[in-house]
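this one's structure only:
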């Protein structure tokens, strides 16, 4: 007999879903969740503290969502957009706090404006990196294609690198070559601000040793759900509604 999931709450998407908007996501730790949705022109963020939901914070996006990812600081005060040529940090007022340029993921000589490469197939389907804030919001970890702006290339294509930056001003504090050739990457946040996980889709992921793992049964739902569940780290999880306009948070 299946274990019946209990619906904890349903959260409406910050922006109505359309072909230009990604499905909403829940991010952050259990005490301060962020409801986040990326559109082609903006990133919308709402803070969730208990049953309270803040007003939406809207960060203007420098390029459409298909050309890169994003990271939001734990206090929702800063968003960093990852793109083909740069990392760009934008604050709540829409002001560019800092930008760090790097070698183009599509292999071009470099562009400074989206209009210059928006219709280019190589840029549309290029590999990409990612970024994530540390648990305390002071550091930004980023996977980019080197070299950085002002540095000489080492080889024809460049080397993928993992950077640790000061989130306040974009200063590079540490860096290492990943020795990978990734189509994309995903950061895996860690509660220790000094640690972070990185998956580059080549089987080079963090390994988790969960003791006494065993199958205890199947989970059932009071109504049909769609998509894969995403764990929230506190025993709850969420699924996205079929029309992608809401999130359903579940518990046992």
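Yes, it's here. Given the structure is predicted, the values throughout are model-derived calculations rather than measurements. Residues are numbered from 1 along each chain as shown.

just for the stretch 101-250 of the chain, where's the confidence low?
Where the stretch 101-250 of the chain drops to pLDDT under 70, the residues are 154-157, 201-218, 227-229, 231, 233-235.

make it 90
Low-confidence segments of the stretch 101-250 of the chain (pLDDT under 90): 105-128, 134-135, 149-159, 176-250.

all helices for it, in order.
Along the stretch 101-250 of the chain, the segments classed as helices by DSSP state H, counting those that start in this stretch run 121-124.

Quick one: the strands in it, in order.
Using DSSP state E, counting those that start in this stretch, the strands of the stretch 101-250 of the chain run over 130-133, 139-145, 160-166, 172-177, 186-189, 196-199, 219-220, 226-231, 237-240, 246-251.

Identify whichever of those strands lies nearest to residue 121.
The minimum distance between residue 121 and the strands of the stretch 101-250 of the chain falls on strand 139-145, with 18.3 Å, by CB to CB. The C-beta positions use only the backbone N, C-alpha and C, and glycine is treated the same way.

Return the list of strands paired to the closest one, each annotated with direction.
Applying DSSP bridges, strand 139-145 is found paired with strand 130-133 (antiparallel), strand 160-166 (antiparallel).

Show residues contacting the shortest one.
What that stands for is strand 130-133. Residues from elsewhere that reach strand 130-133 (CB atoms under 8 Å, 6 or more residues apart in numbering): 69-74, 80, 82, 87, 139-143, 167, 184-187, 189, 196.

coming back round to it: just the strands paired with strand 139-145: most buried one?
strand 130-133 (a mean of 24; mean count of other CB atoms under 10 Å).

which ones are touching residue 122?
Taking CB under 8 Å, 6+ apart, we find residue 122 in contact with 106, 107, 108.
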